[in-house]
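Student: Fold the following.
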Amino acid sequence: MSIFLKREVLLVKFPIIFPLVYLFILYFFPIYETHLIFLTILILAETHFGATWPFFLDKVNYPHIREKKIELIIVPLILTIFCIVGFFYFRNFFLLIFFAANMYHVTRQSYGIMNLYTKNPEEKFHYSNIIYIFNFLFFLIAFFRFYIPLVSNEFLLIMNIIVIVAMLLTFLFEVKKFGFSENFLTLVTGVLIFYPVCFVENPVHAIIMGVTMHYSQYLYLTTKVLKKRSVDNNSTKKTKFLGFISVIVVYSLVMSILSIFGKNESEFLSTLIFIPITGQMLHFYLDSQLWKFSEQHNRENILKYLKN
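Tutor: Next up, the predicted model:
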């Protein structure tokens, strides 16, 4: 059982405690549903989105940003315009794109974390394919449950049984082939992240519940890199982290409040939710560039700190 008590397992490889606590509060204390959503957004979701900015805009990245102006300046500007136009002029289609981008982004991180810790090429091949297949299945289930509600309760029950059996058989096969290990736990996490779309009624809860694991993983890894990088750069750790914390706290607070406005009866206030949504889309894109380890800059300034 000691494997489950390691900090990296609890926060990165198998942070199952987060969705379990979320599920417990949601079902046993439903009167606190609104508080649960707000606190999860404030403490985990928007802090994780906010962590992109001090991480991305660290001065060590400045030469790389100047070198790749199109990918790191022009495209984000175009994406921002797309989000504004999409939200106000073809909102339903835009929100579908947003949802798909969200699931793809989370799946890519699950793959990246599995790839980071798993060294056996055959194991990597198995685990990556399993993560992609199950997450694509969950995307289809979510699409037909929440976006185009064509799934009956009877069909959903049958689908749940099939999914659970498929997951259990897959996990048993992988344990038999590669053994039970911390690497296996990264696979389980990557599969379970979107499983709540199969049984949770509210689409907001269905997504946030499992994705709390994604938030924990990201916050742990970005903090790890910044901490080690600050030592290498001979900067004052306290000053570095005070700046880092200040940015994400302010960002998270502002974006969380704007997210809550999405439920406001005022038409103007309710539209302000496009600001955090745009921030999230930028996070999805910038992370695809930031964690691209085919780039030498990213290998030297990010990957080496994750491996040490």
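Student: going forward, measure contacts and count neighbours with C-alpha atoms only.
Tutor: OK.
Student: Low-confidence stretches in the stretch 1-150 of the chain?
Tutor: 1 (pLDDT under 70).
Student: What are the boundaries of the helices in it?
Tutor: With DSSP state H, counting those that start in this stretch as the criterion, the stretch 1-150 of the chain has helices at 7-8, 17-28, 33-40, 46-50, 52-56, 62-67, 69, 75-89, 91-117, 121-142.
Student: Distance to Lys304 and mean neighbour count added to those helices, as CSV?
Tutor: Output for these, formatted as CSV (distance: least, C-alpha to C-alpha, whole Å; neighbours: other C-alpha atoms under 10 Å):
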stretch, distance to Lys304, mean neighbour count
helix 7-8, 17, 14
helix 17-28, 28, 15
helix 33-40, 31, 15
helix 46-50, 21, 25
helix 52-56, 15, 19
helix 62-67, 17, 12
helix 69, 24, 12
helix 75-89, 26, 15
helix 91-117, 11, 18
helix 121-142, 20, 17
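Student: Looking at those helices, spot the one closest to Met255.
Tutor: helix 46-50 (6.7 Å; C-alpha to C-alpha).
Student: List of residues touching that closest one?
Tutor: For helix 46-50, the external contacting residues (C-alpha atoms under 8 Å, 6 or more residues apart in numbering) are 41, 215-216, 218-219, 247-249, 251-253, 255-256, 279-280, 283.
Student: what about Arg145, neighbour count?
Tutor: Using other C-alpha atoms under 10 Å, Arg145 has 19 neighbouring residues.
Student: SS state for the nearest residue to it once chain neighbours are set aside?
Tutor: Nearest residue to Arg145 in three dimensions, chain neighbours excluded: Val151, at 5.7 Å (C-alpha to C-alpha, 6 or more residues apart in numbering). What DSSP: H, G, I helix; E, B strand; the rest coil gives for Val151 is coil.
Student: Report pLDDT for Val151.
Tutor: At Val151, the model reports a pLDDT of 73.
Student: what does the one 10 residues further on give?
Tutor: Looking at Ile161, its pLDDT stands at 90.
Student: With the one 10 residues further on instead?
Tutor: Reported pLDDT at Phe171 in the predicted model: 97.
Student: neighbours around it, how many?
Tutor: 20.
Student: That one: what's it in contact with?
Tutor: Val188.
Student: same thing with Ile73?
Tutor: Neighbours of Ile73 in contact, by C-alpha under 8 Å, 6+ apart: Ile65.
Student: quick one, what contacts Tyr195?
Tutor: 138, 210.
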